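In: give the three-dimensional model of this entry:
(one chain, ligands or ions: 2)
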Amino acid sequence: MKERNPWHTPLTIIIAVIGVIAIVALVTIAVLQNKPLIPKYKYGIVLDAGSSHTAMYIYEWPAEKDNNTGRVEQTHCCKVSGSGISDYASDPKLAGESLKACMRDAERFVPSERHEETPLYLGATAGMRLLNIKDSAASDRVFQAVSESLQKSPFSFQGARILSGQEEGAFGWVTVNYLDDRLEQGLETTGALDLGGASTQISFISDSFDGSESPSNYVAFRLYGNDYNLYTHSFLCYGKDQALRMALAHQTQSGPGSIVDPCFNNGYSAVKNYSVLYESPCVSGRKPSSAPQTFTHTGKGNFYECQEVVKSIFNFTECKYSQCSFNGIFQPTLQGTYGAFSAYYFVMKFLNLTDTSVPLQSVKEALARLCATPFDTLKKQHPEVKLKFLNEYCFSGTYIFTLLTEGYNFTSRTFSDIKFIKKIKGSDAGWTLGYMLNLTNMIPAEAPDTPLLPHAGYVSVITVIALVLFVLFILSLRPLWPRCSQKPQIV
Ligand SMILES: Nc1ccn([C@@H]2O[C@H](COP(=O)(O)OP(=O)(O)OP(=O)(O)O)[C@@H](O)[C@H]2O)c(=O)n1
Ligand SMILES: [Ca+2]
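Out: Residues are numbered from 1 along each chain as shown. Ligands and ions are numbered 1, 2, ... in the order given. Here you go, the predicted structure:
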């Protein structure tokens, strides 16, 4: 007689089927309930209206994760053609017009269902600060024109304004440390060095600095539950274009008519206009009274002499604090590593010196070689580089070298703590990301609550518990189990 399987009773089969269905349902619900939703992004747009040009950055982040760090990324960048908005003082409408092509670009990159809710900011830096000093009515007209143009875009325009030097420095620091995931994790932070066309910023945390010695250089943050006492300073006129003006202005003092400039390569020659040179507030008041209309600017290419010219635009002696960088500005002791971006990067990239830990001596030697190269040879060596930039690399390199060493007091030991960078994880280093994170409250003061378990761990635990419950349930039904049929006895 065939032995009957004791499990093949209708009751146990029903229990097993219900149990399996229950487990499948439980796990499915757990997975669906907790799995990250299909990526749906939100967007923010920032226009960086710099002194030399305007750039538009589009940022995106997962819609349901507004409050997490390292989540906002730059998805697109558009360089506005033409010059910075401060150069449109005499025809402000053109400043507004100039932004249109990039705004159309933004309409393509941000999905249309998100247009209306996407915040759009314009922040202007040192070019507009200078225009505001020179002619505040003209600066207002430029803002009026760009605002009218941006209001016509489908995005949620949040206004156009000048950032203070302090904001520019602090937001650059936030950007660098946010992208490096240093803020949420409470890691040691990186300082930020930004060199623009019209101003330059230095921002870092120094344990010796609590703001008391120089409150105007102090910015306090509480981010993800950590307190930061940031030192920051912006030197107006010490961006590389205005620094060049100051160096030229210094050299015209010795006698108008012509300048033989050690900061330009031998063979370089150009006729320049005095009134154009002196139109900036950085040099106004220094124009020689007997100056002719134009002067001839020729190069003689000598790094060491150039350094002397560059030094003349700094005041290294005046200091009413315990220690200063230059021009009587307090600076605490340098500390930690630094990310140097914008023109620092462009110039060091040209010199092939963006690798980490380049000894200061090698930078000096590279500059001495660059400045001593005849201009014709330099052009042949770099046919791909725009003349506008190529002309100035000897000056720019010498300026950067002097600013970092004599200005900020980097030594041959601490110089290797500087990394020359353009991007971090695909997003440009600069103040724009920090500015947007701040205005959208994307960085919380306190650390966000984190789930007890990661998603995969959560699903596994639920599954195991469900299985255990099921087995226990089956065991608890033991009394209902059919008795084992006795082996037929052969009598
Ligand atoms: N490939 C490039 C691009 C730009 N520059 C120069 O780098 C300087 C700084 O550029 P940027 O950081 O874009 O300055 P802005 O933001 O325009 O100026 P600011 O921040 O002072 O307002 C300018 O002199 C620009 O001509 C350069 O040498 N090489
Ligand atoms: Ca800038």
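In: where's the helix or strand harbouring residue 138 relative to the chain centroid, distance-wise?
Out: Per DSSP states H and E: residue 138 is located in helix 136-151. Relative to the chain's own centre, helix 136-151 is displaced by 25 Å; criterion: CA atoms, centre = their mean, to the nearest Å.
In: what does stretch 320-327 give?
Out: 28 Å.
In: what does it contact?
Out: With CB atoms under 8 Å, 6 or more residues apart in numbering as the test, stretch 320-327 has contacts from 202, 213-214, 233, 235, 314-316, 318, 328, 330-333, 406-409. The way it works is simple: take the backbone N, C-alpha and C, and place the C-beta from them, glycine included.
In: can you tell me which of the residues you listed are in helices?
Out: Taking DSSP state H, every one of the contacts of stretch 320-327 sits outside helices.
In: how far away is residue 428 from residue 194?
Out: 11 Å (CB to CB, to the nearest Å).
In: overlap in contacts of the two?
Out: In contact with both residue 428 and residue 194: residue 341, using CB under 8 Å, 6+ apart.
In: now do the contacts for the residue nearest to residue 109 when sequence neighbours are not counted.
Out: Spatial nearest neighbour of residue 109, chain neighbours left out: residue 76 (4.7 Å); criterion: CB to CB, 6 or more residues apart in numbering. Shown in contact with residue 76 (CB under 8 Å, 6+ apart): 57, 58, 105, 106, 109.
In: got the residues of the stretch 1-150 of the chain near ligand 2?
Out: Within the stretch 1-150 of the chain, the positions lying close to ligand 2 (CB under 5 Å from the ion) are residue 50.
In: residues near residue 16, how many?
Out: 13 (other CB atoms under 10 Å).
In: number the residues from 45 up from this point.
Out: Renumbered: residue one is now 45, and that last one reads residue 60.
In: can you confirm it is in a helix?
Out: Yes: assessed by DSSP: H, G, I helix; E, B strand; the rest coil, residue 60 belongs to a helix.
In: circling back to that earlier point, secondary structure class of the residue nearest to residue 153, three-state.
Out: Residue 120 - assigned by three-state DSSP - is strand.
In: who does it form a beta bridge with?
Out: Here residue 120 sits in beta bridges with residue 102, as judged by DSSP bridges.
In: and the helix or strand residue 175 falls within, what other elements does it pack with?
Out: According to DSSP H and E, residue 175 maps onto helix 170-178. Secondary-structure packing of helix 170-178 (3 or more CB pairs under 8 Å, 6 or more residues apart in numbering; DSSP states H and E): helix 180-195, strand 200-206, helix 209-223, strand 270-280.
In: any chance of the ones you listed in a markdown table, with mean neighbour count too?
Out: As requested, these are arranged in a markdown table below (neighbours: other CB atoms under 10 Å):
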| stretch | mean neighbour count |
| --- | --- |
| helix 180-195 | 18 |
| strand 200-206 | 17 |
| helix 209-223 | 26 |
| strand 270-280 | 20 |
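In: would you turn the ones you listed into a markdown table with distance to residue 87 and mean pLDDT?
Out: Converted to a markdown table, the helices and strands packed on helix 170-178 look like this (distance: least, CB to CB, whole Å; pLDDT from 0 to 100):
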| stretch | distance to residue 87 | mean pLDDT |
| --- | --- | --- |
| helix 180-195 | 15 | 98 |
| strand 200-206 | 10 | 98 |
| helix 209-223 | 17 | 98 |
| strand 270-280 | 28 | 98 |
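In: closest to residue 303 out of these?
Out: Of all those, strand 270-280 sits nearest to residue 303, with 23.9 Å by CB to CB.
In: that closest one packs against which elements?
Out: helix 170-178, helix 209-223, strand 243-249, strand 262-267.
In: make it 10 Å
Out: helix 170-178, helix 209-223, strand 235-239, strand 243-249, strand 262-267, helix 284-296 (3 or more CB pairs under 10 Å, 6 or more residues apart in numbering; DSSP states H and E).
In: nearest to residue 419, of the ones you listed?
Out: helix 284-296 (16.4 Å).
In: are the closest one and ligand 2 in contact anywhere?
Out: No: figure legend: helix 284-296 not in contact with ligand 2 (CB under 5 Å from the ion); closest approach 10.8 Å.
In: how far out from the middle of the chain is that helix?
Out: That offset, for helix 284-296, works out to 28 Å (CA atoms, centre = their mean).
In: for the closest residue to residue 294 other than its chain neighbours, grab the count of nearby residues.
Out: Nearest residue to residue 294 in three dimensions, chain neighbours excluded: residue 356, at 4.9 Å (CB to CB, 6+ apart). By other CB under 10 Å, the residues close to residue 356 number 14.
In: could you check how far residue 356 is from ligand 2?
Out: 25 Å (CB to the ion, to the nearest Å).
In: about what we covered before: export the contacts of residue 120 to CSV and append columns for pLDDT and neighbour count.
Out: Output for the contacts of residue 120, formatted as CSV (pLDDT from 0 to 100; neighbours: other CB atoms under 10 Å):
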residue, pLDDT, neighbour count
101, 99, 24
102, 98, 21
149, 98, 15
150, 98, 23
153, 98, 14
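In: now do the contacts for the residue in the chain positioned nearest to ligand 2.
Out: Of all residues in the chain, residue 240 sits closest to ligand 2, at 3.6 Å by CB to the ion. Residue 240 is in contact with 92, 94-96, 128, 169-171, 212, 278, 282-286, 385-388, 474-475, counting by CB atoms under 10 Å, 6 or more residues apart in numbering.
In: where strands are concerned, which of the contacts of stretch 364-371 count?
Out: Filtering the contacts of stretch 364-371 for membership in strands, criterion DSSP state E, returns 246, 277, 279.
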